[in-house]
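S.K.: Pasting the sequence and the predicted coordinates here, then a few questions.
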Amino acid sequence: MESRHIKTFLAARASLLLAFAGLLHLPVAQADAVAAERGGQLFQQYCTECHGRDGRAQLDVISDATDLTMPVDYYNGSSDQEIYNSIANGAGVAMPAWRTVVGSDEAVWDLVHFVKSLWVEQP
Ligand code: HEC
C-alpha cells in the first residue's frame, strides 16, 4: 500500500473510532444530565425541607440530615446502589422511604443522578 493510501486508511479508521466513541459516551452523559435535571425537580419538591436546596443540610430545624455534597461522609455508602437504597427505602431513623412517593424506580434513579451532581469532589 502506498503511504498516501495508508494515511487515508488511518484517517478513516480514526473518524470511525471517534464516531463510535461518540455513540457510546455522549448519549450516556446526556442521559445522565437529563436524569439529573428531572431528579432536581423532584429534589426541590420532596427533599429540601431536610437537606436544603443545595443539599448541604445546613438548616436550623433538622440538623442531622446528611450533607449530600460530601460522599465521604455518607453514613450508608455512596455507590450508586447504596444511594438508591437510601432514597428508595429510607435510612437511619429520620430519612423517609421515597420509592412509593415518587412512583417509579426511574424517578429514584433520577434522584441518584441529581444527588451525585451535587458532589463537590468526585471520588
Ligand atoms: C424528614 C427529613 C428528610 C427528608 C424530607 C429527606 N431526607 Fe434524606 N436523609 C435524612 C436524614 C436524617 C438522613 C441521614 C440518615 C441516617 O442517619 O442514616 C438522610 C440521608 C439521606 C441519604 C443517604 C446519605 C447517607 O448518609 O448515607 C440520601 C442519599 C438522601 N437522604 C437523599 C434524600 C432525597 C433524594 C430526598 C428526597 C426524595 C430526601 N433525602 C429527603 C432526612 C431527610
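M.R.: Good, I have the coordinates.

S.K.: Going by C-alpha atoms from here, please, whenever you check contacts or count neighbours.
M.R.: Noted.

S.K.: Show me the shaky parts of the chain.
M.R.: 1-3, 5-26, 60-63, 121-123 (pLDDT under 70).

S.K.: one more time with 50
M.R.: Along the chain, no part satisfies pLDDT under 50.

S.K.: So which bits of it are right by the ligand?
M.R.: Proximity of the chain to the ligand (Cα under 6 Å from any ligand atom) is limited to residues 43, 46-47, 49-50, 64-66, 74-77, 83, 86-87, 91-92, 94-95, 98, 111.

S.K.: can you pull out the helices in this protein?
M.R.: 3-46, 48-51, 80-89, 99-102, 105-117 (DSSP state H).

S.K.: Drop anything exposed from the residues of the chain next to the ligand.
M.R.: Buried members of these, counted by 16 or more other Cα atoms under 10 Å: 43, 47, 49-50, 65-66, 83, 86-87, 95, 98, 111.

S.K.: which pair in these spans the largest distance?
M.R.: Glu49 and Ile83 (18.6 Å; Cα to Cα).

S.K.: number of nearby residues for Ala29?
M.R.: By the criterion of other Cα atoms under 10 Å, Ala29 has 11 neighbours.

S.K.: same check, this time on His113
M.R.: Based on other Cα under 10 Å, the number of other residues close to His113 is 24.
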